[in-house]
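3D model of this:
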Amino acid sequence: MKSKPAILVLCTGNSCRSHMAEGFLRAAVGEAADVFSAGSKPAGYVHPLSIKVMAEAGVDISAHTSKHMNEFLTRRIDAVITVCGNADQVCPTYPGQLARFHWGFDDPAHAQGTKDQVLAEFRRVRDEIKAKFTEYGSRVRETGRVG
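Numbers count the residues shown, from 1 in each chain. Okay, here's the model as predicted:
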């Protein structure tokens, strides 16, 4: 029996974008793949506004933790998806890696303005991530392929 593919989403801090992507991708693939996220320089926490806007979208990431990408070097990873330029530049090749994608998104943690403006930026980025990762996850679920 063939094992299900493993997908790793990377960004620098592993506090916002990669967790949003992981949450939407897990929801989209269901049991068809294992999905993880990590960072090249993990922040050590998941941004509270990421948790909030994901809950608004019906995806609970409150139990997620910030992890370093090196934690995954000893396991098979079939696809790596970077969601920021810094992670794309330092991304290693993982054992078994078949595919690599770079889908960059603005970092909402750098948003400036009022609380409402910052929250609006988190929602905007969340919605962009949702569209891309839900579409990709549906394809993975239907085909069983990550590439």
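
when you work out contacts or count neighbours from here on, use the C-alpha atoms and nothing else.
Will do.

now residue 47: closest residue in space that isn't a chain neighbour?
residue 15 (5.3 Å; Cα to Cα, 6 or more residues apart in numbering).

what stretches of this structure score poorly on pLDDT?
1-2, 87-88 (pLDDT under 70).

hey, which helix is longest across the chain?
Of all segments of type helix in the chain, defined using DSSP state H, the longest is helix 115-143.

for that helix, packing partners?
Packed against helix 115-143, as judged by 3 or more Cα pairs under 8 Å, 6 or more residues apart in numbering; DSSP states H and E, are the following elements: helix 17-29, helix 48-56.

how about it: buried residues?
118-119, 121-123, 125-127, 129-130, 133-134, 136-141 (16 or more other Cα atoms under 10 Å).

next one: it to chain centre, how far?
10 Å (Cα atoms, centre = their mean, to the nearest Å).

which residues are in contact with the helix or strand residue 38 falls within?
Assigned by DSSP states H and E, residue 38 falls within strand 34-39. Under the criterion Cα atoms under 8 Å, 6 or more residues apart in numbering, residues 4-14, 18-19, 22, 25-26, 66-69, 87 lie in contact with strand 34-39.

among the residues you listed, which lie within strands?
Those of the contacts of strand 34-39 mapping onto strands are 6-11, per DSSP state E.

from residue 48, how far out is the nearest residue to residue 122 once chain neighbours are set aside?
Nearest residue to residue 122, sequence neighbours excluded (Cα to Cα, 6+ apart): residue 108, at 5.2 Å. Counting by Cα to Cα, to the nearest Å, the separation of residue 108 from residue 48 is 12 Å.

give me the more crowded residue out of those two.
Using other Cα atoms under 10 Å, the more surrounded residue of residue 108 and residue 48 is residue 108, with 21 against 13.

surely the more buried one and residue 16 touch.
Yes: shown here, residue 108 and residue 16 form a contact pair, counting by Cα atoms under 8 Å, at 7.4 Å.

any common contacting residues for these two?
Joint contacts of residue 108 and residue 16 (Cα under 8 Å, 6+ apart) do not exist.

for stretch 51-64, the distance to its chain's centre please.
Remark: stretch 51-64 is offset 13 Å from the chain centroid, using Cα atoms, centre = their mean.

check stretch 54-67 too.
Averaging C-alpha positions (Cα atoms, centre = their mean) puts stretch 54-67 11 Å from its chain's average.
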